[in-house]
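Enquirer: Sequence first, predicted coordinates after that:
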Amino acid sequence: MRISDWFGGRPAASDGAARDPSDDYWYRPLTRPVAAGVAVTVEKALTLPVVYDCCQVLSQTIGALPWGIFERARDGAKQRRDEHPLVDVLADPNPETTAQDLFSQIVFDLASEGDAFVELQGGPRGPVSALWRLEPCRMTVERLPDRSRRYRYRDDAGREQIFLDDEIWHIRALPIASDGLRGTSRIHVAREEIGAALALRDYAARFFANDATPPFVLHHPSHFKDQVSRENYLKAIKRWWRGERQHSPGVLEYGIKIEKVGVANDEAQFLESKKELSYAIAQFWRMPPHKVGLLERATNNNIEQQALEFVIDTLLPWLELIEQSIRKVLILNDRRFFFEFNVSGLLRGDLKSRYEAYAQGRQWGWLSVNEIRKLENMNPIAGGDAYLQPLNMAPAGSPPRQKPDAEILGPDGRPVSKIFGSNIVRIADYRRPAQELCHAA
């Protein structure tokens, strides 16, 4: 196979043929066209609304999530550790980037390119003092004989920088390539569907560039007397069709008739094809259709359920990927500490459902008042850390607890003991002399 075949199958030029430098062929992207005849690149794919929305929804949602570093105790409990040195680095990665910027860009790179690269710089804050995001398309990953990786990065000025394995935080989108060096780009996997959607869009652009007029031919009952007459007539038609008087009535002379060619847009199901391609593309990111503006199959009854599925089926795999990567690369495999995103805000549901859940948690003793207030973004109150326990709940096999007897007060307001030995004293016996009560006991 010739190189020209790989780049698009252009036949080889003859030895004496001259190559026109203005030919569009020499300026096409160096990627193999898909079945629709369109070369799909990451930059071109991101111009499709559904592709951009899939990447943007993931990046903006994860970038806005609260996070923290926790320590796991031996009993399984976890405690937030804001004093951990990595907290300051992640909260302020570098002078130009915030934590939300960093996580949003990491996720966008993973969702589009399949890889995310961050340079680890040492400094006054420790072995990792600053984090700088690097463009995935400018990075080359190599495998060294000792199984480590070497990274070659070409900056804006064209200079090549070489990084070792411990100088780059590399996150790979699943599934990982067979050589273990790069992740998988969703755009590359969905290139056929994306290419078809791009071809549809290009067709629509050309259609409206021609004033939304379907293609047609002019049928002459005989023929023009010469080539000049034919060209003059075509020029007149084009002036009428595209000129200032394009919507004014026209007259066809010489018995010429207009015949439509091709298939009309409604017959070709243009809109239906575009919609179905959008649904198919969203599936590659496991994105619920309503998140990217596809609402035909959504109802008011299942939107909340789709939001829950979005967190569980779409977000959690990406969150786990980042969390485990931070634990392995930045926390240096210290099993006591771990990084975690907090998704409880995305699972809150409506007001009625939340308050019903809080009531159950408070009633059954696994939520305190202050924990509930914290979930609602309110300040704690005094005495709000106590937990309730239902009176009718006890460990299995234990005897039921008896209610304490109420204190009996005499006519003078003084408490009277109900028990004298094993006998229960009646209220009426309170008026009897004390000697008789003691003798009766």
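Expert: Cool, the structure landed.

Enquirer: okay, CA-based contacts and neighbour counts for the rest of this
Expert: Fine.

Enquirer: Enumerate every residue touching residue 134.
Expert: 116, 117, 118, 119 (C-alpha atoms under 8 Å, 6 or more residues apart in numbering).

Enquirer: Any idea what it is bridged to?
Expert: Beta-bridge pairing of residue 134 under DSSP bridges involves residue 117.

Enquirer: what about it, distance to residue 171?
Expert: Distance of residue 134 to residue 171, computed by C-alpha to C-alpha, to the nearest Å: 12 Å.

Enquirer: Between the two, which contacts overlap?
Expert: Each of 116, 117 lies in contact with both residue 134 and residue 171 under the rule C-alpha under 8 Å, 6+ apart.

Enquirer: Compare the contacts of residue 134 and tell me which is most surrounded.
Expert: Within these, most neighbours by other C-alpha atoms under 10 Å means residue 116, with 27 neighbours.

Enquirer: is it true that that one touches residue 172?
Expert: Yes: in this structure, residue 116 is within contact of residue 172 by C-alpha atoms under 8 Å, at 6.7 Å.

Enquirer: Identify the contacts common to these two.
Expert: By the contact definition C-alpha under 8 Å, 6+ apart, residue 116 and residue 172 are jointly contacted by residue 110.

Enquirer: Which helix or strand contains the residue nearest the centre of the chain?
Expert: For the chain, the residue nearest the mean C-alpha position is residue 58 (1.8 Å; C-alpha atoms, centre = their mean). Using DSSP states H and E, residue 58 maps to helix 49-63.

Enquirer: packing partners for that helix?
Expert: When contacts are defined as 3 or more C-alpha pairs under 8 Å, 6 or more residues apart in numbering; DSSP states H and E, helix 49-63 sits against helix 99-112, helix 270-284.

Enquirer: Out of those, the one nearest residue 364 is which?
Expert: Set against residue 364 and scored by C-alpha to C-alpha, these come closest in helix 99-112, at 37.2 Å.

Enquirer: ok, and what's touching the closest one?
Expert: So helix 99-112 is contacted by 42, 54-56, 58-64, 90-93, 115-117, 133, 136, 171-173, 185-187, 285, 318 (C-alpha under 8 Å, 6+ apart).

Enquirer: Just the buried residues of the residues you listed.
Expert: Among the contacts of helix 99-112, those classed as buried by 16 or more other C-alpha atoms under 10 Å are 42, 54-56, 58-63, 90, 92-93, 115-117, 133, 136, 171-173, 185-187, 285, 318.

Enquirer: How many residues are close by residue 200?
Expert: Residue 200: 18 surrounding residues under other C-alpha under 10 Å.

Enquirer: same question, residue 271
Expert: Burial of residue 271 is recorded as 12 neighbouring residues (other C-alpha under 10 Å).

Enquirer: Could you check how far it is from residue 278?
Expert: Applying C-alpha to C-alpha, the value for residue 271 to residue 278 is 11 Å.

Enquirer: which secondary structure elements does the lengthiest helix in the chain contact?
Expert: Longest helix in the chain by number of residues (criterion: DSSP state H): helix 191-209. In terms of contacts (3+ C-alpha pairs under 8 Å, 6+ apart), helix 191-209 is packed against helix 270-284.

Enquirer: Right, I'll call it a day here.
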